[in-house]
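K.L.:
predicted coordinates and the sequence they were generated for:
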Number of protein chains: 2
Amino acid sequence: MRVASRDGRPVKETPVTDETPRAMNGAESLVRTLVEGGVEVCFTNPGTSEMHFVAALDRVEGMRCVLFLFEGGATGAADGYARMADKPASTLLHLGPGLANGLANLHNAKKARTPVVNIVGEHATYHREYNAPLTSDIEGLARPMSSWVRTGMSATEIGSDGAAAIAAARTAPGQVATLILPANTAWDPGAGPAPVPPMVAAAVTALRSGEPVLLHLGDRAVRGEGRVLADRIARKTGARLMAMTSNARIDRGAGTVPIERLPYPIDQGIAALKDFRHIILIGATPPVGFFAYPGKPSLLAPEGSTTISLATPEEDQIDALERLAEAVAAPAAEPVAVGPRPKLPTSGPLDQDTIGQVLGALIPEGAVICDESITTGRNFFALTRDAAPHTWLQLSGGSIGLGIPMATGAAVACPDRKVINLQADGSGLYTVQALWTQAREHLDVVTLVWSNRSYAILRAELTNVGALNPGPKALGMLSLDDPAVDWVSLARGFGVAGRRVETLPDFIEAFQHGLANKGPHLIEVAL
Amino acid sequence: MRVASRDGRPVKETPVTDETPRAMNGAESLVRTLVEGGVEVCFTNPGTSEMHFVAALDRVEGMRCVLFLFEGGATGAADGYARMADKPASTLLHLGPGLANGLANLHNAKKARTPVVNIVGEHATYHREYNAPLTSDIEGLARPMSSWVRTGMSATEIGSDGAAAIAAARTAPGQVATLILPANTAWDPGAGPAPVPPMVAAAVTALRSGEPVLLHLGDRAVRGEGRVLADRIARKTGARLMAMTSNARIDRGAGTVPIERLPYPIDQGIAALKDFRHIILIGATPPVGFFAYPGKPSLLAPEGSTTISLATPEEDQIDALERLAEAVAAPAAEPVAVGPRPKLPTSGPLDQDTIGQVLGALIPEGAVICDESITTGRNFFALTRDAAPHTWLQLSGGSIGLGIPMATGAAVACPDRKVINLQADGSGLYTVQALWTQAREHLDVVTLVWSNRSYAILRAELTNVGALNPGPKALGMLSLDDPAVDWVSLARGFGVAGRRVETLPDFIEAFQHGLANKGPHLIEVAL
C-alpha cells in the first residue's frame, strides 16, 4: 500500500473500512443521527465521494433512499416532500457540480422556507489542496441558496454536525441547511449518532393594530388553520384577506375559507392593492413586483399606506393570529358555506376556461395539486374554489423546473393521496428526467402538460419591460415549436404512460382515466 | 404612470425604450461590443430580465443566438464551441437560478480553461433591495466557477464592461468571465460599443532541463502542433510523452504524433508513472488522483521524483516547447509513419472491443469526437489511434452531463465537420434536453449512447473507497434499469431520429447510415 508523501509531510494511513463489527464509521453515525432526528427519506444522485453514505444505508433501518437522474429532481423532491410531511428530508449530492445542478430548486425551497437537510459530498479534507478535477468551492456555491452551511471536519464530529443541520433546517418555519461531508469524515471511525437539540420556538411578535386593513397572508398563516383565524378577525373588523402571489402550500376547496392571491402581472398587482391604507403582514413579505419594469414601482403598496409586520415567516403566525383575534374580540369560527360543486363542462373548446372548469369538477378529495402552470393557469385558482377539499402547492421562487420534481416528492410524502401536476411545457422540460423516478417508485401522479410550445410568459414580458416591436430573432427565442416536443414519446422513454389530447371530451376522458388508475400518467394537453 | 416612492426617496423616472432613432440603449451597446470583439454566438435560455438583450439581437448584425431548453445545455455548448472555434461565445442566462442551472458545465469549462463570456441577467439595481422572489446572490454563485466576475453598474458603462469581459475570457489559454447585467443597465441609454483591449500575451517560462523525462502534456501542448514539438524533443532525449487523463481537445489519428493518456483508475495511474524520475509539465497540472481513496496517495508522481513546471496552462506552451527543442538541439520534425487503417470487424459480440474497432475503421476524416463514454470507452482511445485524422474532446471537469451539450456547441462551431458524441447513458440523461436544440438547429451530430442502464463507474468506486459488501439499497442507487430508459422514444420526443441496436452488424449499419446522412441521429447501443 503506497501512503508515502510527495512533499516530505507524513501521510496518515487510513484503515480500509469493512463490515467487521468494530466502531461504526462517520457515515453510519450520520445516517443514524438523521433517522433518530426524524429525517427518514434521502433524495439523491450520489457519486464516488458519497459511496460510504450509500453503503451505510444497508446497515441502518428507517432511511428510504430515492434516486433521481439529475440533482434538480432530488432537491425539488425534498422541497415537495417537506411541504407535505412538515419535516425535512435529506438530499445527498455529489460535490460542487452535483450541488450546482440542485441549486435552482434549492432556491425555490429557500424562498418557500422549506426545511431541507442538504448533504453534499466533498473530497477528503487532505485531498482538497491538490485541486483534482472535481474540486470547487462548495461552501461558496451553497451559501446563496442556504440559511446554514457547515463543512464537517472529522468523522467523530460528523454525527453532531448532522444533528446541528437538522436543528437548523427545522428552525421555524424552515430553512435549507447544507452539510458538506468530506469523504474521510464518512469512512474514518465515527462517534455514533448524536441527539438533535429541541426546535427553538421563534419569539412572538407584539400585537400592533386592529384597524380595518388587508390581512396579507403567507406561509403557515395561509394554510387552513391560519385562514380560519384570519376569517374570524375579518368578520369582526371588515378587513380583507389576500394571499401572496406564490405560496408554498394552501389547503383549500369546498368548506375552507376562500382566499384570493395577489396577481402576478405588474399592473393587476398594483390595482389589487390600490385602495388599502393598512397592510398587515402575517407570514407574508411586503408585496413587491416580481421583476422591475421601466417606469413602474418596485413596492406595490399604495402611496401613503402603512405596512405592519405582525409575524414574519420566521415567527409563529398561528400564535400571532390567535392573539390578534383575542385583542379585537373576534367571534368564534363559523362553518364555511359550501357552494355547489362546479359542473363538468360538456362542450366547448379546449382552453384555459374549460380546463379550469374540469379541474373544479374532477379534483378528487384529498388531492395534492402541484401548480407550475405559469401563464396557462392564471384562472385555475378561482375556478377550483369550490372543488372537493385539496392541497395546492405553487412555484415559490420563480425558478422554473420545480413542477415534476415537486410532484414526485409530494407523492413520496403522501402515498395515499392523488397528486396532480399542472405543468407548463417549457418549465417541465427543465427537469423532465424526474418522470423516470415517478415510474421507478410507482408514484401516483397525474401530470397535465399545457403544450403551448412557447415561452408564453416572455411574450408578455417583452412588452412589459418596454422592448417594443420584437423582430424574428427575439421571437424565435420564445418559441418551442421547431421541432415540436412530443411529450408522449418522452413519457414513454422514461417509463410513464402518456397520451396527447386535442379536444375537451378527450381531455376529460384521459383525466378521468388517470384519476381512476394508480401510478404515473402524463397527458399532453394541446393548446 | 406610478413612479412614487414608498420610503420618501425619489424614484428615478426611467423612460420606456422604443425603436425611435435616438441613442442606443445599454443592451445594444453591449451586443455591438460583443460582435466587434469577435463574440459572434450567444447560447441562451433567457427570461424577463434579459428581454432587452434579446430585443437588441434584431438591431445588430452578426450575432447568432442559439436557444436551449435548460441552461446546462447553453453553458456546455459555449464550452464545446470555444474549444473548436478558439474564441469565446457568450451565454445569456436568467438570474441566479438560470446561472445555477448552468454551473455544472461552467465547472467543466473552467477546468478545461475554455474562454466563455458568461452573461447573467439581474434585477434592476434599484429592485434588488426589495428581495423579490428571484433575488439571489449572483456574484456569490458565479465566483466558484468563474475566473472573473463583474456586475454592471450603469448603462453607459456596460459596453466597456463587456469589453473587459471579453479580454478576461481571452486571457491565455482561456477563462470563464461572468458579466452580470442588471435590467436597467440594458434598457437605459448606453454609450455605444467599446473596444476590446488586446490580449495580454502570457510571459514565457524560463527553460529548465533537458534530462530524460516524462513530458506530461495538456492544453495547447497536447494538440497537433505541440505534440510535433514534443516528439522532436523526445527523439533527441529519449523522453516519453503522456497526456493528462482528461483533455479539452486533441487533434489525432493517422499521420499525427500518437500519445497515450494517464489512466483514470487509481491503481493504473500510479503504475503508469512509477518509473519516471523527472516529470516536465507543459500545459498540464501535476498528476493527482481524481478522488481520494483510503490508504492511497493523492499525488501520483513516485516518491523521490522531481516535477518541473515548464509552462502552466496559463502560459504560452508552444513557445516554451520551441525554446526547449532549441536548447536540446532537437532534430527537425519527421513525418509520422501511417499504419494501416483499422479493419472493420465482421463478426463477434457487440462490446467495448468491437465498438472501438468500428470507431477506428469508420471515423471519417475531420470528425469531431465528443467523448463522455465513462467506463464503456476506456479502450476507445487506443483503438482509434490509426483512424482517419480527427479531433477528440473529453469531459474535462468530471462533472457529468457535458456530452450532448458539448457536441451541440462543437457542431455550431464546425458546420462542415461530422460530430460524433460517444455518450454514457447515465451522464447523457442529465442534459438530454439538448437533443432538442440539435434538431432545432439541424446540427450534424451522431450520438452513440452506451446503454448499460447503470452508473457502472460507481460499482467499481464502491470497492475502491473501501465500502465492501454493498447491500441491495446501495446497489439500487447505481442501477437505471427499473424502468429501462427508452432512448429512441426520448430522441423522437425531442425531434431526433433514433434507433436501438443489439448486434454488431446492426450497429455498423446504423452508424454508417448516421455518418452518410446529415442532421442529428441517435443510436442506442445495447450493452
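P.N.:
Right, received. Where do you want to start? Numbering: from 1, shown residues only, chains lettered A, B, ... in the order given.
K.L.:
in three-state terms, label A:Leu181 for me.
P.N.:
strand (DSSP: H, G, I helix; E, B strand; the rest coil).
K.L.:
residues in contact with A:Ile318?
P.N.:
A:Arg220, A:Ala221, A:Glu225, A:Gly226, A:Leu229 (C-beta atoms under 8 Å, 6 or more residues apart in numbering or on different chains). From N, CA and C alone the C-beta is placed, and that goes for glycine too.
K.L.:
distance of it relative to A:Pro193?
P.N.:
Distance of A:Ile318 to A:Pro193, given as C-beta to C-beta, to the nearest Å: 32 Å.
K.L.:
and the residue of the stretch 151-300 of chain A found nearest chain B, what element?
P.N.:
Closest residue of the stretch 151-300 of chain A to chain B, C-beta to the nearest C-beta: A:Ala292 (3.7 Å). For A:Ala292, there is no helix or strand it lies in under DSSP states H and E.
K.L.:
count the neighbours of it for me.
P.N.:
A:Ala292: 28 surrounding residues under other C-beta atoms under 10 Å in any protein chain shown.
K.L.:
can you check A:Ala460 too?
P.N.:
With other C-beta under 10 Å as criterion, A:Ala460 counts 12.
K.L.:
isn't it right up against A:Pro265?
P.N.:
Yes. The criterion here is C-beta atoms under 8 Å, and A:Ala460 meets it with A:Pro265 at 7.5 Å.
K.L.:
name the residues of whichever helix or strand A:Leu475 is part of that come out as buried.
P.N.:
Secondary structure assignment for A:Leu475, by DSSP H and E: helix A:472-476. Buried positions in helix A:472-476, judged by neighbour count with 16 or more other C-beta atoms under 10 Å in any protein chain shown: A:Lys473, A:Ala474, A:Leu475, A:Gly476.
K.L.:
and the gap between the third one and A:Asp319?
P.N.:
According to C-beta to C-beta, A:Leu475 and A:Asp319 sit 51 Å apart.
K.L.:
helix, strand or coil for the closest residue to chain B within the stretch 51-200 of chain A?
P.N.:
The nearest approach of the stretch 51-200 of chain A to chain B comes at A:Asp58, 3.0 Å away (C-beta to the nearest C-beta). Following three-state DSSP, A:Asp58 is assigned to coil.
K.L.:
surely A:Ala168 and A:Thr178 touch.
P.N.:
No. Shown here, A:Ala168 and A:Thr178 do not form a contact pair, counting by C-beta under 8 Å, at 9.2 Å.
K.L.:
these two: who's more crowded?
P.N.:
Taking other C-beta under 10 Å, A:Ala168 and A:Thr178 do not tie; A:Thr178 has more neighbours (29 against 23).
K.L.:
and the next element down the chain from the helix or strand that contains that one?
P.N.:
Element membership of A:Thr178 [criterion: DSSP H and E] is strand A:176-182. As assigned by DSSP H and E, the chain's next helix or strand after strand A:176-182 is helix A:183-187.
K.L.:
pull out the buried residues from that following helix.
P.N.:
The neighbour-count check on helix A:183-187 (16+ other C-beta under 10 Å) flags A:Ala183, A:Asn184, A:Thr185, A:Ala186, A:Trp187 as buried.
K.L.:
what sits against the closest residue to A:Val358 other than its chain neighbours?
P.N.:
Excluding its sequence neighbours, the residue lying closest to A:Val358 (C-beta to C-beta, 6 or more residues apart in numbering or on different chains) is A:Ile508, at 5.9 Å. When contacts are counted by C-beta under 8 Å, 6+ apart, A:Ile508 touches A:Leu344, A:Val358, A:Leu362.
K.L.:
if you rank those residues by neighbours, which is first?
P.N.:
A:Val358 leads those on contacts (other C-beta under 10 Å) with 22 neighbours.
K.L.:
bridged to A:Gly121, which residues?
P.N.:
When bridges are called by DSSP bridges, A:Gly121 pairs up with A:Leu181.
K.L.:
about what we covered before: now render the buried residues of helix A:183-187 as TSV, adding pLDDT.
P.N.:
As requested, these are exported to TSV (pLDDT from 0 to 100):
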residue	pLDDT
A:Ala183	91
A:Asn184	91
A:Thr185	92
A:Ala186	91
A:Trp187	89
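K.L.:
ok, which of those also contact chain B?
P.N.:
Near chain B, judged by C-beta under 8 Å from any C-beta of the partner chain, the entries from these are A:Ala183, A:Asn184, A:Trp187.
K.L.:
adding distance to A:Val419, write the residues you listed out as a markdown table.
P.N.:
Formatted as a markdown table, those follow (distance: C-beta to C-beta, whole Å):
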| residue | distance to A:Val419 |
| --- | --- |
| A:Ala183 | 36 |
| A:Asn184 | 40 |
| A:Trp187 | 38 |
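K.L.:
for the contacts of A:Ile318, work out which two are farthest apart.
P.N.:
A:Arg220 and A:Leu229 (10.6 Å; C-beta to C-beta).
K.L.:
below-threshold pLDDT in the stretch 401-527 of chain A: ranges please.
P.N.:
For the stretch 401-527 of chain A, applying pLDDT under 70 flags no range at all.
K.L.:
all helices of it, in order?
P.N.:
A:403-413, A:425-428, A:434-440, A:456-464, A:472-476, A:487-493, A:504-516 (DSSP state H, counting those that start in this stretch).
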